[in-house]
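Participant: got a predicted structure here, sequence first:
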Amino acid sequence: MTQAVLNVENLAASYRKDTVLYDVNFDMKGGTLTGVVGPNGAGKSTLLKTILGLHPSLTGSVKFFEQPLKRVKKRVGYVPQRGSVDWDFPTDALDVVTMGLYGQIGWLRWPSNAHKNKAYEALDRMGMADYAHRQISQLSGGQQQRVFLARALVQEADLYFMDEPMAGVDAATERAIMAMLKELKNMGKTVMVVHHDLQTVRDYFDHVLLLNRTIVEYGKTEHIFTRENISQTYGGNMRWMGEENHHVEHAH
């Protein structure tokens with residue numbers, strides 16, 4: 001029985017006066033790659049932010065490795081939605097990745113060459129070494145996302161939260177991101193990803209959390225990702241996209 005790396009009990013959250021999450025309970029096992037799936041407005045981003053203390057909770061408790069977040073912060077990494085970042089900030093790709101090391105460097109000290117090398121290696125792993133000194137505002141959306149993920153890699157966390165890392169990126173970037181997520185999993189890391197494309201859920205994630213303001217189902221993808229559960233999550237008014245398209249190779 002592996003220890004739960006994340007334990008969420010009775011979590012609820014609201015925006016203004018609307019309750020967007022209620023009665024959220026789950027334990028996440030280590031070494032898993034979980035897709036968080038649900039309709040627009042289901043509270044997927046809010047779930048990540050509330051778990052991480054970036055959005056206030058109304059009720060509930062969250063434990064990371066059986067500890068409160070402040071004790072294990074260095075073991076937890078977060079990649080927010082690309083749209084929530086000010087990409088006009090005048091800095092280059094290498095500096096953005098190096099910022100991921102501030103837990104190790106300390107805020108007021110300059111990064112050493114060893115830190116710079118680490119950041120450069122992470123860029124290289126995401127296929128972005130040639131862009132190390134490019135201003136982030138000059139990168140494409142897919143390139144910005146790769147830089148963002150390199151920054152998460154460099155943190156060497158044990159548990160990662162990623163909010164729609166594959167939204168609006170090109171096919172090559174999506175493949176690079178998935179290769180990296182599977183590599184993290186193979187290293188024993190745990191990753192929770194908000195994901196919007198139902199057609200790729202089976203190929204990408206070994207666990208799935210179906211969310212519509214509360215958890216509809218959570219568990220192994222092969223058991224949970226069924227027509228009935230998806231229909232329940234999306235309110236039954238969507239054409240199920242799995243079976244008939246499942247064997248069609250997406251045109252890249």
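Facilitator: Now that the structure is in, tell me what you want to look at.
Participant: alpha carbons only for contacts and neighbour counts from here, please
Facilitator: Fine.
Participant: which outside residues touch the helix or strand hosting Arg151?
Facilitator: Taking DSSP states H and E as the criterion, Arg151 maps to helix 141-154. The set of residues that contact helix 141-154 without belonging to it, under CA atoms under 8 Å, 6 or more residues apart in numbering, is 77-79, 82, 93, 96-101, 118-119, 122-123, 125-128, 136, 165, 168-170, 173, 177.
Participant: filter these to the buried ones?
Facilitator: Neighbour-count burial (16 or more other CA atoms under 10 Å) applied to the contacts of helix 141-154 gives 77-79, 82, 93, 96-101, 118-119, 122-123, 125-128, 136, 165, 169, 173, 177.
Participant: now do the helix holding Arg151: distance to the chain's middle.
Facilitator: The gap between where helix 141-154 is centred and where its chain is centred comes out at 12 Å by CA atoms, centre = their mean, to the nearest Å.
Participant: name the next helix or strand downstream of that helix, please.
Facilitator: That would be, after helix 141-154 and using DSSP H and E, strand 159-163.
Participant: ok, and the closest non-adjacent residue to Leu211?
Facilitator: Gly38 (5.0 Å; CA to CA, 6 or more residues apart in numbering).
Participant: residues contacting the one you found?
Facilitator: Lys44, His196, Leu210, Leu211, Asn212, Thr233, Tyr234.
Participant: neighbour-wise, which one of those leads?
Facilitator: Neighbour count (other CA atoms under 10 Å) singles out Lys44 as the most crowded of the contacts of Gly38, with 28 neighbours.
Participant: from Ile215, how far out is it?
Facilitator: Here Lys44 is placed at a distance of 10 Å from Ile215 (CA to CA, to the nearest Å).
Participant: ok, Arg75 next?
Facilitator: Between Arg75 and Ile215 the distance, using CA to CA, works out to 25 Å.
Participant: of these two, who's got more company?
Facilitator: Ile215 (19 against 15).
Participant: count of neighbours near Trp110?
Facilitator: Residues within reach of Trp110, counting by other CA under 10 Å, total 10.
Participant: how close does it sit to Val147?
Facilitator: 20 Å.
Participant: shaky segments in this protein?
Facilitator: 1-2, 103-108, 236-252 (pLDDT under 70).
Participant: would you map the helices across it?
Facilitator: 44-51, 69-72, 93-99, 102-105, 113-125, 141-154, 171-186, 201-204, 221-224, 227-233 (DSSP state H).
Participant: mind putting those in TSV, distance to Asp86 included?
Facilitator: As requested, these are arranged in TSV below (distance: least, CA to CA, whole Å):
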stretch	distance to Asp86
helix 44-51	18
helix 69-72	26
helix 93-99	12
helix 102-105	19
helix 113-125	20
helix 141-154	11
helix 171-186	21
helix 201-204	29
helix 221-224	35
helix 227-233	33
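Participant: Val62 is nearest to which of the ones you listed?
Facilitator: Checking the helices of the chain against Val62 by CA to CA gives helix 44-51 as the closest, at 6.4 Å.
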